[in-house]
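Chemist: Predicted model follows, preceded by the sequence.
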Amino acid sequence: MSKSSILHNAKRAEGRAVLDAALSEQAFQQQIIDLALVKGWYVYHTYDSRRSNPGWPDLALVHPGKKLLLFLEVKTQTGRVTQPQQRMIDTLAKVRLTTAHIVRPSDWELVEKSL
C-alpha cells in the first residue's frame, strides 16, 4: 500500500470518527432503518418504549431471503448500555431456534405446549 493511500485511509477514518461522535441515537437508528428497508428487511420498532419490558432492544429486523431475525440495541458512540439491555441482548444472542404462529383463543393448547 502506498504512503498516499495510507494517509487517505487515515483521514477517512478520522472523518468517520468525527461523524460517528456527532450522530444522535435517533439519527443513527433511522439510518439503520432506512438501509434495512432498502435491503429488503422488515423492521419493527417500539415507538414508546416506556410501556415495554425494560431492556427490550430498539429494533427487530427480519429478512425473508436470509431467513434471519436480528435484534439491535441502538446507542450513540458513547451511549451507555443498561444492565437490563445487556441481559436481554445476551439472552437473545443465545437463541438457536425460533418459531412463529398466529394464535387464537381456540389455540390455547398450542400456547401451553409452546411455553
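Modeler: It's in.

Chemist: And stretch 16-25, what's buried?
Modeler: The neighbour-count check on stretch 16-25 (16 or more other CB atoms under 10 Å) flags nothing as buried. C-betas here are computed from N, CA, C, even on glycine.

Chemist: Name the surrounding residues that touch it.
Modeler: 31, 74-79 (CB atoms under 8 Å, 6 or more residues apart in numbering).

Chemist: Is it correct that Val62 is in contact with Phe71?
Modeler: No. If you go by CB atoms under 8 Å, Val62 and Phe71 don't touch, sitting 10.3 Å apart.

Chemist: for the residue nearest the centre of the chain, phi and psi?
Modeler: In the chain, the residue lying closest to the centroid (CA atoms, centre = their mean) is Leu72, at 1.7 Å. The phi/psi pair for Leu72 (degrees, to the nearest 10) reads phi -130, psi 130.

Chemist: OK, contacts around it?
Modeler: Here Leu72 is in contact with 32, 57-59, 61 (CB under 8 Å, 6+ apart).

Chemist: re the thing from before, between the contacts of stretch 16-25, which is closest to Asp90?
Modeler: When those are compared for distance to Asp90 (CB to CB), Lys75 wins out at 15.5 Å.

Chemist: can you give me the helices in the chain?
Modeler: For the chain, the helices defined by DSSP state H occupy 3-22, 25-38, 83-93, 108-114.
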